[in-house]
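Asks: Please work out how this folds:
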Amino acid sequence: FSYQHGGSVDFTYWLFGGTFAMATASIVSGAIGGRSKLSGYVVYALAVGTIVYPVAVGLVWAGGWVAQIGVIDFAGGGGGPLVGGTAAITAVYILGPRLDKFNEDGSANVIPGHSTSLMVLGTLMLAFGWFGFMTGTVGSVFSLAEGGSGVELGGFEMVGRVAMNTALASGAGVVGAIAYPLIKGRNPDPDLMSIGMLSGLVTVCAFGHIAGGFGTIVVSLIAGFQAPIVENYQEKLGLDDVVLAFPVHGTAGI
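Replies: I've put the predicted structure just below:
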């Protein structure tokens, strides 16, 4: 095979796109935790990476009809998380719930994770990595000056806005998520705070390059607030989404 028709930029975009595809495929793994075979997950990941994801991002980022009707998706709020979240809830429905998750009357039991500390640590690692792919999506922080006389700032102002909105979204998502149990007279917990943070980060992917700080806070508050509400509806439908992949990536992506 010859690489003579591809340049460095082409390879860079290929690798960058590959990381988004991997992230999309990984969303399902948490939703179906404890009740899936590795072989089945591998088949799913191949299908998403080679068929589903390329079509979805083509609709948004390659000039497809979604882009043509005016939908903006800066860093994959719909192209990645929404695709993965939809796949997750579909897999949850097909596989059925974990043992002892639901009682005979349909009520749900809480099955706590084995380590809250590791869950929070993982969430913070994700939040830190979010700055990388959000600001990396800008692409051209530096550019050649006119006439090739030197290097000048390219999208650096956008990088600052994107980074700021990413930070605001993570915090606002947490506030939105803990507001729901407080309204219900319950105490918030680290699980819900983590879910809220990720919900805010998912939703800012769509508009982090153009929104102001106030708009980012409002939308991220809504994203965090809706997560526990969607969780309740899922449980009423008998859907056992272990890490709430659909509220975090699906409805927040929408």
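Asks: quick check, Pro188 in a strand?
Replies: No: the secondary structure assignment for Pro188 gives coil rather than a strand, going by DSSP: H, G, I helix; E, B strand; the rest coil.
Asks: Report the spatially closest residue to it, excluding sequence-adjacent ones.
Replies: Residue nearest to Pro188 in three dimensions, not counting chain neighbours: Ile178, with 3.7 Å by CB to CB, 6 or more residues apart in numbering. (Each C-beta comes from the backbone N, C-alpha and C, glycine too.)
Asks: part of a helix, is the one you found?
Replies: Yes: when the secondary structure is assigned by three-state DSSP, Ile178 falls within a helix.
Asks: Wait, it touches Asp191, no?
Replies: No: using CB atoms under 8 Å as the test, Ile178 is too far from Asp191 to be in contact (11.0 Å).
Asks: shaky segments in the stretch 151-254 of the chain?
Replies: 151-157 (pLDDT under 70).
Asks: quick one: the helices in it?
Replies: Listed in chain order, the helices of the stretch 151-254 of the chain (DSSP state H, counting those that start in this stretch) span 156-183, 190-207, 213-236, 245.
Asks: elements contacting the shortest one?
Replies: Judged by 3 or more CB pairs under 8 Å, 6 or more residues apart in numbering; DSSP states H and E, the packing partners of helix 245 are helix 8-31, helix 83-95.
Asks: Next, Ala108: phi, psi?
Replies: According to degrees, to the nearest 10, the main-chain angles of Ala108 amount to phi -100, psi 140.
Asks: ah, wrong one, I meant Asn103
Replies: Recorded main-chain torsions at Asn103 are phi -90, psi 170, according to degrees, to the nearest 10.
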